[in-house]
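**Student:** next input, structure requested:
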Amino acid sequence: MSAPSRAILDLTGRLVIVLGAHGTLGAELVRRFESAGAVAVGADLREAPGILGCDVTDESSVSHLFDTAETYGDITDVVHAVGISSVSRVKELDLSEVRKLLEINLLSCFITAKVVASRLSAGGTVLLSLRTQHAMVPPAGPPTARRRPAS
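**Tutor:** Next up is the predicted model:
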């Protein structure tokens, strides 16, 4: 008789906001949090079934998202999995694109941290900010290994 199956991590009772829920990483995080028993509130710029709309570059939009999420209980965890990339030569990159990159990749982290800090619960709230470039820009060519010449 085999042992009963159980989750490696039990997150029952936790309320997690995942920003960037339309992305590959964000969508998987929502799924994993929910499978571990947490209530996961996914958010992204584009609202969709199961995903709330939120412009992470706008403090009032992020605050509104937190207001909505708090209707489910106390927010215990926030994952900022938002990011974009641009592959261009500097001389070809328009300044408006640089501003967009900075707003989404840098300023949105600060805005999220500010909103989290203003709403810390008595038990504390965990904020995790992460990126993965390879979700948007695959590595150039196959991975290779270098070998040392035989001595």
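
**Student:** all helices for this structure, in order.
**Tutor:** Along the chain, counting by DSSP state H, helices occupy 24-35, 59-69, 95-102, 108-118.

**Student:** closest one to residue 45 among these?
**Tutor:** Closest of the helices of the chain to residue 45 is helix 59-69, at 9.3 Å (criterion: Cβ to Cβ). Glycine gets a C-beta too; all of them are placed from N, C-alpha and C.

**Student:** please enumerate residues in contact with that closest one?
**Tutor:** Helix 59-69 has contacts (Cβ atoms under 8 Å, 6 or more residues apart in numbering) with 15, 17, 41, 43, 52-56, 75, 111-112, 114-115, 119.

**Student:** again, only this time at 7 Å
**Tutor:** 15, 17, 41, 43, 52, 54-56, 75, 111-112, 114-115, 119 (Cβ atoms under 7 Å, 6 or more residues apart in numbering).

**Student:** stretch 16-24: how far from the chain's middle?
**Tutor:** Distance of stretch 16-24 from its chain centroid, counting by Cα atoms, centre = their mean, to the nearest Å, is 5 Å.

**Student:** how about it: buried residues?
**Tutor:** 16, 17, 18, 19, 20, 21, 23 (16 or more other Cβ atoms under 10 Å).

**Student:** which one of those sits closest to residue 87?
**Tutor:** Checking these one by one against residue 87 (Cβ to Cβ), the nearest turns out to be residue 23, at 17.2 Å.

**Student:** name the residues that touch the helix or strand bottoming out on mean pLDDT in the chain?
**Tutor:** When the helices and strands of the chain are scored by mean pLDDT, DSSP states H and E, strand 126-129 comes last with a mean of 82. If you take Cβ under 7 Å, 6+ apart as the criterion, strand 126-129 is touched by 76, 77, 78, 79, 80, 109, 113, 116.
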